[in-house]
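In: What shape does this take:
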Amino acid sequence: MPRIFIILAVALAAACTGSARLGTETVDLRYATGGGEWNSGGGITAVVRVFESDGATIVCGAWTSDNRSIETSDLNEDVIGAASVFAGKTRLVQNLSFMAAAAYSENIAGTQARCIDSMKPWREEFSAAPPRLSFPRMVFFLDEEGGGSVRFREVVRAALIR
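Out: Residues are numbered from 1 along each chain as shown. Here you go, the predicted structure:
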């Protein structure tokens with residue numbers, strides 16, 4: 001009987017994540033780009049692809065950073081965790097922590113992206129336009145006294161796919 005509870009607990013934990021990991025694929029020209037920049041310099045570029053597989057909506061992605069500040073390098077994952085992927089007006093995934101973090105390069109093509117099932121059924125309208133990455137504006141206070149802060153804002157980043 002306890003074994004049943006363990007299986008149910010694992011299944012429930014997987015269901016709560018809202019998505020299931022599927023594997024990886026290579027980033028290429030089919031990927032859309034998005035991202036933002038830090039007020040202290042540098043920023044984040046993410047790439048994403050959305051496609052249909054057996055009626056499911058699959059989202060693949062990777063991200064990289066050209067940080068120029070030690071204070072923001074530890075915050076990139078917080079920003080990725082707050083970002084979303086949209087197809088049209090439908091949010092497919094919120095929290096992009098599933099995405100592969102790639103070493104910064106002038107060309108992200110050829111790196112590996114991680115893929116998940118968005119747990120949303122495929123709709124033809126998802127293929128009408130490229131997917132869109134959405135990054136919220138964020139402010140991070142660097143010390144408890146409020147002596148310093150850094151800001152992240154969404155901007156159009158140069159495509160790193162060639």
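In: quick one: buried residues of the helix or strand in which Ala62 is found?
Out: Using DSSP states H and E, Ala62 sits in strand 56-65. Under the neighbour-count criterion of 16 or more other Cβ atoms under 10 Å, strand 56-65 has Ala56, Thr57, Ile58, Val59, Cys60, Gly61, Ala62, Trp63, Thr64, Ser65 buried. Quick note: C-beta positions are derived from backbone N, CA and C, even for glycine.
In: Could you list which residues are in contact with the residue nearest in space to the middle of the chain?
Out: Central residue of the chain (Cα atoms, centre = their mean): Leu96, 3.0 Å from the mean position. Taking Cβ atoms under 8 Å, 6 or more residues apart in numbering, we find Leu96 in contact with Ala46, Gly61, Trp63, Ile80, Gly81, Ala83, Ser84, Val85, Leu133.
In: Against Asp54, how distant is the closest residue to the first one other than its chain neighbours?
Out: Read it as Ala46. Of all residues not flanking Ala46 in the chain, Trp63 sits nearest, at 4.0 Å (Cβ to Cβ, 6 or more residues apart in numbering). For Trp63, the distance to Asp54 equals 27 Å [Cβ to Cβ, to the nearest Å].
In: for Ala109, same thing?
Out: Taking Cβ to Cβ, one finds Ala109 at 27 Å from Asp54.
In: what about the two, which has more around it?
Out: Ala109 (15 against 7; other Cβ atoms under 10 Å).
In: does that one really touch Leu29, like I thought?
Out: Yes - contact between Ala109 and Leu29 holds when scored by Cβ atoms under 8 Å: they sit 7.2 Å apart.
In: Look up how far Arg153 lies from Arg91.
Out: Arg91 is 20 Å from Arg153, where distance means Cβ to Cβ.
In: just Leu142 next, same as before
Out: According to Cβ to Cβ, Leu142 and Arg153 sit 17 Å apart.
In: now Thr24
Out: As judged by Cβ to Cβ, Thr24 and Arg153 stand 30 Å apart.
In: do the same with Phe135
Out: Distance check for Phe135 against Arg153: by Cβ to Cβ, it reads 8 Å.
In: Pull the contacting residues for Val139.
Out: Neighbouring residues of Val139 by Cβ under 8 Å, 6+ apart: Ser149, Val150, Arg151, Phe152.
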